[in-house]
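# Here is my input, please return the structure:
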Amino acid sequence: MASASSSALSISSSSSSAFVDSKAPRQTTAASPQCVTLPAPPVQSQSRPWKTTAYCHKIARNVMTMATGEAPAAVSTTELPEIVKTVQEAWDKVEDKYAVSSLAVAGVVALWGSTGMISAIDRLPLIPGILELVGIGYSGWFAYKNLIFRPDREALVQKIKDTYKGIVGSS
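This is a model prediction of the structure:
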């Protein structure tokens, strides 16, 4: 029993050494029909050598203009979009950047968690249909209560404007 297990061990160790030792003799594909060979890698075609050459010339031209201090003709200074400037100005005005960053991270985590919760509820059998009916019913009630008649619409618009001024502040 011990000799059988030691011979099995020696067989497995010799076969594993063939994989580890790169100098071990390898079988050719003709000798082992169960081996599958991979096709040769595709040859790199030089059908567009001009593209590489043009790119290299462009880099060399930019390096030369940087060394001489001249502004390159092809490179133009681009203006930042208005939204980026507005965000940068707002970020510069913030005094407690740590708190704002923490709130942003907490908002992202809350959004991620709520997305997971909604997808879990959506997998339940009857709940999505019931919630859809509740949403349709509430939308109908809201439209009837606030959007159909003119005085109600004006009151809703005024309430939205007051809430907006309360959040943003009057300037």
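# what mean pLDDT does stretch 110-122 have?
Averaged over stretch 110-122, pLDDT sits at 93.
# Send me the helix or strand harbouring residue 136 as PDB with only the CA atoms.
For residue 136, the host element (DSSP states H and E) is helix 127-146. The C-alpha trace of helix 127-146 is given here as PDB (Å, rounded to 0.1, in the frame of the first residue of the first chain):
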ATOM      1  CA  ILE A 127     -44.700  44.900  -4.900                       C
ATOM      2  CA  PRO A 128     -43.700  46.600  -8.200                       C
ATOM      3  CA  GLY A 129     -47.200  46.400  -9.600                       C
ATOM      4  CA  ILE A 130     -48.800  47.800  -6.400                       C
ATOM      5  CA  LEU A 131     -46.200  50.600  -6.200                       C
ATOM      6  CA  GLU A 132     -46.900  51.500  -9.800                       C
ATOM      7  CA  LEU A 133     -50.600  51.800  -9.100                       C
ATOM      8  CA  VAL A 134     -49.900  54.000  -6.100                       C
ATOM      9  CA  GLY A 135     -47.600  56.200  -8.200                       C
ATOM     10  CA  ILE A 136     -50.300  56.600 -10.900                       C
ATOM     11  CA  GLY A 137     -52.900  57.300  -8.400                       C
ATOM     12  CA  TYR A 138     -50.800  60.000  -6.600                       C
ATOM     13  CA  SER A 139     -49.800  61.600  -9.900                       C
ATOM     14  CA  GLY A 140     -53.500  61.800 -10.900                       C
ATOM     15  CA  TRP A 141     -54.400  63.300  -7.500                       C
ATOM     16  CA  PHE A 142     -51.600  65.900  -7.700                       C
ATOM     17  CA  ALA A 143     -52.600  66.900 -11.200                       C
ATOM     18  CA  TYR A 144     -56.200  67.300 -10.100                       C
ATOM     19  CA  LYS A 145     -55.300  69.200  -6.900                       C
ATOM     20  CA  ASN A 146     -52.600  71.500  -8.300                       C
END
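# max-length helix in the protein?
In the chain, assigned by DSSP state H, the helix with the most residues is helix 97-122.
# who's in contact with the host helix or strand of residue 159?
Assigning secondary structure by DSSP H and E places residue 159 in helix 150-168. Where contact means C-beta atoms under 8 Å, 6 or more residues apart in numbering, the residues beyond helix 150-168 that reach it are 145-147. Every C-beta, even on glycine, is put in place using the N, C-alpha and C of the backbone.
# and residue 152, how many neighbours?
With neighbours defined by other C-beta atoms under 10 Å, the count for residue 152 comes to 13.
# Tell me the spacing between it and residue 160.
Between residue 152 and residue 160 the distance, using C-beta to C-beta, to the nearest Å, works out to 13 Å.
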